[in-house]
Structure formats: structure tokens, C-alpha cells
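Student: how would this look folded up:
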Amino acid sequence: MGRCGYDRRMNTAAPSPTTLPCEPAPMGPVAALARDIKISHSLFALPFAVLASFMARPASESWGRFAAQMVLILICMVSARTFAMLANRIVDRDFDALNPRTRGRALPSGRVALRHALFALLWSAGLFIVCCVGFGFAFDNWWPTLLSAPVLAWIGAYGWMKRWTAMCHLFLGSSLAISPLAAALAVNPEALAQQPALWLLSLSVLCWVAGFDIIYALQDVEVDRQQSLHSLPSRLGVGRALWVSRALHAVSVGCLGAVVLIDHRFDSLFAAGVGLVAALLVVEHAVTAGGATARIQLAFFTLNGVISCLLGVLGVVSVAV
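Tutor: Predicted coordinates:
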């Protein structure tokens, strides 16, 4: 519990008889935005991009060249995710101001001016494009440059999707599913045609992210209905939406199993990791059964962070060794 009755666990202001309305401790716009968009959560998609890079790496390529490519990929990943989160916060700022769970965010609370958020948005987009151009000059691969603007447009559109369709969860999943394909394209464009396992990995990410985004949306069912925003829990009801989430996670695990079967570089260690991921997803659904929201932070951040890191590490070990 923070100052003025501010409950950081639920991001809501708890009334206090002895304090004024909650105001978070002052901080600069950069720190406030970084805290708001949770840059550390770039971890969700990053391990899959690293794994796809190792899968796409030609055996003849030197490790020095590959290390330089990985540096650019990591910067691209963090800057693209920052751009996407900032775009979502900017587009949704008026809706966030009306939602008790999100009204304390940097933009709707007034702690950060819109111009500062727009500057950060342009800065992250510029850094992403510059790194994509770097692949052209350093490695004679201009595909990242050609696709940089379309990728930014795609990943930045999620905030608008919630206004139009309950399938916004799948759109968000596709935004993160781009990352392994983009990483493979940056390392070796021919790998996308030669390795169907890369596409299965991407489909697994899509279903995994869409499934846990449905769970995350349980927090805002009534607010989404009041604001005419679309989500599967608000449109189908909590029970049916959770079954869709379970089905998506089952498909995600199935795709990972198919990766093991068709790409013989993945050994029993990675297969065991897939089994453990399936168990973690069962736990994720157990703690949110019936639409329970008290442990959504555990399910959304902790378990999914463990899943991505586990698969990334075990996959890289299998492919590299």
C-alpha cells in the first residue's frame, strides 16, 4: 500500500479517511512512462526471437557475425515493444481515465504530458528503424528495412482493434508472433522458406499470447461493456471466454510439440520443457478458474515470464548444442 492509500497491487486508489486522493510519488516523464509500459515485460517475446535466431542461423556463419546480428535484434525487440505499448497508452488514454484499474497510469493521471509520450513514441520508432537499416548496411539484408514501417503500423494498431472486434486478442497475439519470424528473417531470410518449424513456433506464440490476454481482460469485463470496448469476456461471457483461452493454449502446446517432431535439432530436453509449459498453463487456468481476478498478476506476469524464458533457454541449448 503506497502513499495516500494507493494500492499498487490492483492499481486502484483505496479511500483513506486521513489522506487526500492518492497521488503517486513524483517522478520524471521518462521514469513514469517506463514504469507504466513495463519495459521489463519485453521478456515475453524476447526468448522466442532469440530462439528463432538460433534456428535460422546458417551453420557456416561465424559466431562473431551472429553476435552482431543478435545485438541489433535485441535493440529492435525492446524498441518495437516500447513503441507498441506507448501507442496503446496514447490511443487508450481517454478510456483509461474512466477505468478505476487504469486511471492511475501516467497519461490519464496527468503525470506525463501527451507531448512527452509522443516524443518517446517517435524516438522508439526511430531507434527501431535505424537498427533495421543497420541490417542492410552491415549484413546486406534489406528485408528488415523494407518491412520496418509495416511492422510498426501493425503492432501499434492494437488499441484501435478493441474498438472494433472481440478478436483483438488474436491481433495482439499476432503482434508478438511476428517477433520470431522477424528475427529469423533478419538472420537468414531463406530460413522462412526452409524451416516450417519457425512458422509453428510463431503460431504457438500467437495462441499463447491471445489465450493469456483473454484472461487479463477478465479484470475489465463490466468497464468494457460500459465503454463499448470489445473483448471476448465482455461479449461471450466469462465462462465461454475462458474455454476459448484454454483451447488456444492447447493449440499453442500442440504447435510446440509439432516443432519437436519436425525439427530434429530439438531433443528430449526441449520436449520435457514443452511438457512443463503445458503444466504451467494448467496452473494458470486453475488460479483464474471461474473468472477469479485476485491472482491474475501471478498468472499474467510470473507464469508467462517463466514459460517464455524456459522455452527460450531450452530451445537455444537444443539448437546450439
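
Student: residues touching Ala84, list them.
Tutor: Residues near Ala84 by C-beta atoms under 8 Å, 6 or more residues apart in numbering: Ile155, Gly156, Tyr158, Ser175. C-beta here means a position set from N, CA and C on the backbone, and glycine is covered the same way.

Student: tell me the least confident of these?
Tutor: Taking these together, the minimum pLDDT is found at Tyr158 (91).

Student: Quick check: it touching Phe171?
Tutor: Yes: look at Tyr158 against Phe171 with C-beta atoms under 8 Å: they come within range, at 6.0 Å.

Student: Please, where are all the helices along the stretch 201-321 of the chain?
Tutor: 221-226, 232-236, 238-262, 268-287, 296-297, 304-320 (DSSP state H, counting those that start in this stretch).

Student: to the chain's geometric centre, what's the distance from the first one?
Tutor: Okay, so that is helix 221-226. 23 Å (C-alpha atoms, centre = their mean, to the nearest Å).

Student: Can you give me the buried ones in it?
Tutor: Val221, Val223, Asp224 (16 or more other C-beta atoms under 10 Å).

Student: quick one on the thing from earlier: dump the contacts of Ala84 to a markdown table, plus neighbour count.
Tutor: What follows is the contacts of Ala84, written out as a markdown table (neighbours: other C-beta atoms under 10 Å):
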| residue | neighbour count |
| --- | --- |
| Ile155 | 23 |
| Gly156 | 21 |
| Tyr158 | 21 |
| Ser175 | 23 |
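
Student: Next, give me the two most distant ones among these.
Tutor: Gly156 and Ser175 (8.7 Å; C-beta to C-beta).

Student: how about the helices of the stretch 201-321 of the chain, which one is nearest Phe54?
Tutor: helix 304-320 (4.5 Å).

Student: Can you point out the buried residues in stretch 247-265?
Tutor: 248-249, 251-260, 263, 265.

Student: Over to stretch 140-159?
Tutor: Neighbour-count burial for stretch 140-159 flags Asn141, Pro144, Thr145, Leu147, Ser148, Val151, Leu152, Ile155, Gly156, Ala157, Tyr158, Gly159 (criterion: 16+ other C-beta under 10 Å).

Student: which residues touch the fifth one?
Tutor: This means Ser148. So Ser148 contacts Phe128, Ile129, Cys132, Val133 (C-beta under 8 Å, 6+ apart).

Student: try 6 Å this time
Tutor: Ser148 makes contact with Ile129, Cys132, according to C-beta atoms under 6 Å, 6 or more residues apart in numbering.
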